[in-house]
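Engineer: pasting the sequence and the predicted model now:
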Amino acid sequence: MTSEGLLVVETERFRGPLDLLLHLIRSQDIDIFDIPVARITRQFLAAIEELSANDVDEAGEFLEMAAALVRIKARMLLPGPSGEEDQDPRAELVRRLLEYEQIREIALRLRTAENDRGRRFAKGFVEPRPRTIAGDVPLTVTWDEVMAAAAGVVAPEEREREHRVFTRPVAMREKVDLIVAAVTRARRIEFDRLIAPWKERVHAVMTLLAGLELGRRRVVSLRQRKPFSPLWIYRGSNVGADVSDMAADDADAVPNEMERDS
Amino acid sequence: MNDASIVEAILFASDAPLTPGDIARADETLDEDRVEAALAALRADYDRSGRAFELREVADGVQLMTRPEFAPYLERFDTVPRTSRLSGPALEALAIVAYRQPISRIEVEYVRGVNSTGVIRTLIERGLVEGVARGEGVGRPVLYGTTSRFMEHFGFASLEDLPRPEDLPVVLRESETTSDLENEEA
Amino acid sequence: MNDASIVEAILFASDAPLTPGDIARADETLDEDRVEAALAALRADYDRSGRAFELREVADGVQLMTRPEFAPYLERFDTVPRTSRLSGPALEALAIVAYRQPISRIEVEYVRGVNSTGVIRTLIERGLVEGVARGEGVGRPVLYGTTSRFMEHFGFASLEDLPRPEDLPVVLRESETTSDLENEEA
């Protein structure tokens, strides 16, 4: 624990959550096919706390990864719902990390090629010549080809409009208070209702993180009948407990028993 | 690395004429006299070995240029087209112009979802499409339509003859989105 | 006028790579085989006579370029155009497009783990990447691929010059999860 605490990570140095995760894994000589999820999640959360509030888009991407890690961790703790789950919950993450690592390697080689090419110069001056219109050239295009192309045209309305989702930093504190208030008012609340007022995914992520941590402290309990069915948050036995420490260091608040997955 | 090679490299890669003084800045060991000597050596070398280019004095200095006797080859090279066929993107753009004319480049791009500057230029060069009017709005964009060459090539007597089969996408049948689009682009 | 001189004139008057087929358009007497023979003669000639430039195979064609040892002299010249280097994120996105083309923006973002709208726009503006097709699924997203400018930028003769996945530590998988991914994003 102490040695992990000394692991200083500047998130600005990283191109994204995969880059940061790879750094955590490779710098500690961790076997990528057997990632200790609890330890890596804790280190990851600690690292992204440093993310500046200016980089809100970036923060959202790191938070999504944090949520994915927490999900993996939860799935490793819980027994498979109906026995069909025999795949390691870490498999897709490992595949992405390996793929990303390879892309990074290729990008390095492209940089070398770019540098070599930069040392060669093409003809600087090319005499201007009048461009003659190539209108007299025989054309072998048939109307059938034009109609085939026409059939493939898609109306713009059918296309997904490219829109950018703007995220703003969302404090864990805000979500802790929201959940505590909700279960104080009523015995239970559906997770979806807690996140309904916001469109951005970062709200769902932070609400889930807050809910998981409150669940660990038995302030609430989380119930889901089966995978993908609605998630309910119930009032827990410790509902009156002081949770004011949660905003500051949620990264350290990862439960000890979760260590067992490593 | 001899002087002449350095001078040749600089002349080759420069996009503007250079004076001997300019060239001399390339290396501490060079000065105008040495550059002049290198230029004379290169000139003799190009003549002797029958290069297709030569050193020519222009207003602001010297420049490497192809010899005038090669002009007919360059001209032919420029005018003979690479292919008599149209690419897939060009066919798509042609279909859009044909059914939605008169149509601006921006509208073609809106329908295709990708930049279409290049394909429209190709269609103009091939004589299938031309500017036929100016649209409303900022900058009064050029509106494109098909040419008489287009009609001849595909054997249509008038635009009414363009087949409009059942399965023709709706977006090619109507052109009502123009005004929405202009608001959006503004 | 011998073949080699004509080919040299065409190469000299071009700032982009040309294929033997392109070059053959300069004269009726030329064909690809004769152009290839002329290119071999020129290559040997440039090496023997110590020209500051050489014939390079680039982007499925050939182009005259200065030899790398002259770079220190050329880099300090304002009249020598330089191409700017790509940013790290742009290189990363480009590597993904190169290996997984045709690929949608969403898939690029999944591989990188970060939003890539801006870097893809940069790559398109620099002509390194272009929309090459439309994918399946909602909205039929634009699929991107690399252009011949991409090969020019890195000085690759063909896509074969890219580092091969089997030479790298781990093997890139095929893009089989596309549909899963789209479900996830929907």
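Structural biologist: Structure received.
Engineer: ok, then the element right after the helix or strand of chain A with the lowest mean pLDDT?
Structural biologist: None of the helices or strands of chain A scores lower by mean pLDDT, DSSP states H and E than helix A:2-5, at a mean of 44. Moving toward the C-terminus from helix A:2-5, the next helix or strand (DSSP states H and E) is helix A:17-27.
Engineer: what average pLDDT does that next one get?
Structural biologist: The average pLDDT within helix A:17-27 is 92.
Engineer: which elements pack onto it?
Structural biologist: Here helix A:17-27 touches helix A:37-48, helix A:56-77, helix A:91-118, going by 3 or more Cβ pairs under 8 Å, 6 or more residues apart in numbering or on different chains; DSSP states H and E. Backbone N, C-alpha and C define where each C-beta goes, glycine included.
Engineer: pLDDT below threshold where in the stretch 151-262 of chain A?
Structural biologist: A:157-170, A:198-202, A:225-229, A:246-262 (pLDDT under 70).
Engineer: list the contacts for the residue lying closest to A:Met65 once chain neighbours are set aside?
Structural biologist: Spatial nearest neighbour of A:Met65, excluding adjacent residues (Cβ to Cβ, 6 or more residues apart in numbering or on different chains): A:Pro17 at 3.5 Å. The contact partners of A:Pro17, by Cβ atoms under 8 Å, 6 or more residues apart in numbering or on different chains, come to A:Phe44, A:Glu61, A:Phe62, A:Glu64, A:Met65, A:Ala66, C:Gly113, C:Val114.
Engineer: of the helices and strands packed on helix A:17-27, which shows the lowest average pLDDT?
Structural biologist: With a mean of 83, helix A:56-77 has the lowest mean pLDDT of the helices and strands packed on helix A:17-27.
Engineer: dihedrals phi and psi, A:Ser237?
Structural biologist: Main-chain torsions, A:Ser237, degrees, to the nearest 10: phi -70, psi -30.
Engineer: can you tell if stretch B:90-107 touches chain A?
Structural biologist: Yes: counting by Cβ under 8 Å from any Cβ of the partner chain, chain A is contacted by stretch B:90-107 at B:Leu91, B:Glu92, B:Leu94, B:Ala95, B:Ile96, B:Ala98, B:Tyr99.
Engineer: ranges for the strands of chain B?
Structural biologist: For chain B, the strands defined by DSSP state E cover B:53-58, B:61-66, B:103-104, B:129-134, B:142-146.
Engineer: and A:Val243, how far from A:Arg120?
Structural biologist: Separation of A:Val243 from A:Arg120 (Cβ to Cβ, to the nearest Å): 63 Å.
Engineer: now that we have the contacts of A:Pro17, which one has the most neighbours?
Structural biologist: Comparing the contacts of A:Pro17 by number of neighbours (other Cβ atoms under 10 Å in any protein chain shown), A:Phe62 comes first, having 26 neighbours.
Engineer: that residue against A:Leu18, yeah?
Structural biologist: No: taking contacts as Cβ atoms under 8 Å, A:Phe62 lies outside contact range of A:Leu18: 10.3 Å.
Engineer: pick the most deeply packed of the helices and strands packed on helix A:17-27.
Structural biologist: The highest mean neighbour count among the helices and strands packed on helix A:17-27, using mean count of other Cβ atoms under 10 Å in any protein chain shown, belongs to helix A:37-48: a mean of 22.
Engineer: residue contacts, the residue nearest to B:Met65 when sequence neighbours are not counted?
Structural biologist: Leaving out its chain neighbours, the residue that sits closest to B:Met65 by Cβ to Cβ, 6+ apart is B:Arg56, at 5.0 Å. Shown in contact with B:Arg56 (Cβ under 8 Å, 6+ apart): B:Val62, B:Gln63, B:Leu64, B:Met65.
Engineer: so what's the residue count around A:Ala186?
Structural biologist: For A:Ala186, using other Cβ under 10 Å, the count is 9.
Engineer: against A:Ala241, how distant is it?
Structural biologist: 19 Å.
Engineer: before we move on, what about B:Glu130?
Structural biologist: Where A:Ala241 is concerned, B:Glu130 sits at a distance of 77 Å (Cβ to Cβ).
Engineer: next: A:Asp144.
Structural biologist: In this view, A:Asp144 and A:Ala241 are 74 Å apart by Cβ to Cβ.
Engineer: more neighbours, the two?
Structural biologist: Set A:Asp144 next to A:Ala241 and count neighbours by other Cβ under 10 Å: A:Ala241 wins out with 13 against 8.
Engineer: since we're on A:Arg26, how many residues are nearby?
Structural biologist: If you count neighbours by other Cβ under 10 Å, A:Arg26 ends up with 12.
Engineer: try the one 5 residues further on
Structural biologist: The criterion is other Cβ under 10 Å. On that basis, A:Asp31 has 8 neighbouring residues.
Engineer: get me the contact residues on chain B for chain C.
Structural biologist: For chain B, the residues found near chain C under the criterion Cβ under 8 Å from any Cβ are B:1, B:5-6, B:8-10, B:12-16, B:18, B:22, B:25-27, B:45, B:49-53, B:64, B:66-67, B:69-70, B:73-74, B:76-77, B:80, B:82, B:113-115.
Engineer: just name the shakiest helix or strand of chain B by mean pLDDT.
Structural biologist: helix B:178-185 (a mean of 43).
Engineer: please parse chain B into its domains.
Structural biologist: B:3-74, B:88-185 (automatic domain parsing).
Engineer: list the contacts of the helix ranked longest in chain B.
Structural biologist: For chain B, the longest helix by residue count, based on DSSP state H, is helix B:32-48. Helix B:32-48 is contacted by residues B:2-4, B:6-8, B:20-21, B:23-24, B:51, B:53-55, B:62, C:49 when judged by Cβ under 8 Å, 6+ apart.
Engineer: give me the buried entries from these.
Structural biologist: Buried subset of the contacts of helix B:32-48 (neighbour count, 16 or more other Cβ atoms under 10 Å in any protein chain shown): B:Asp3, B:Ala4, B:Ile6, B:Val7, B:Glu8, B:Pro20, B:Ile23, B:Ala24, B:Arg51, B:Phe53, B:Leu55, B:Val62.
Engineer: which non-adjacent residue is nearest the residue of the stretch 151-262 of chain A found nearest chain B?
Structural biologist: Chain B sits closest to A:Ala155 of the stretch 151-262 of chain A, with a gap of 4.0 Å, by Cβ to the nearest Cβ. Distances taken as Cβ to Cβ, 6+ apart place B:Val171 nearest to A:Ala155, at 4.0 Å, with adjacent residues excluded.
Engineer: low-confidence stretches in chain B?
Structural biologist: Residue ranges of chain B with pLDDT under 70: B:79-84, B:174-186.
Engineer: swap in 50 and give it another go.
Structural biologist: B:176-186 (pLDDT under 50).
Engineer: quick one, helices of it?
Structural biologist: Going by DSSP H, chain B shows helices at B:3-13, B:20-24, B:32-48, B:71-79, B:88-100, B:105-112, B:117-125, B:148-154, B:170-173, B:178-185.
Engineer: the first one packs against which elements?
Structural biologist: Taking 3+ Cβ pairs under 8 Å, 6+ apart as contact, the helices and strands that helix B:3-13 lies on are helix B:20-24, helix B:32-48, strand B:61-66, strand C:53-58, strand C:61-66, helix C:71-74.
Engineer: please redo it, this time with the cut-off set to 6 Å
Structural biologist: Applying 3 or more Cβ pairs under 6 Å, 6 or more residues apart in numbering or on different chains; DSSP states H and E, we find helix B:3-13 packed against helix B:32-48, strand C:61-66.
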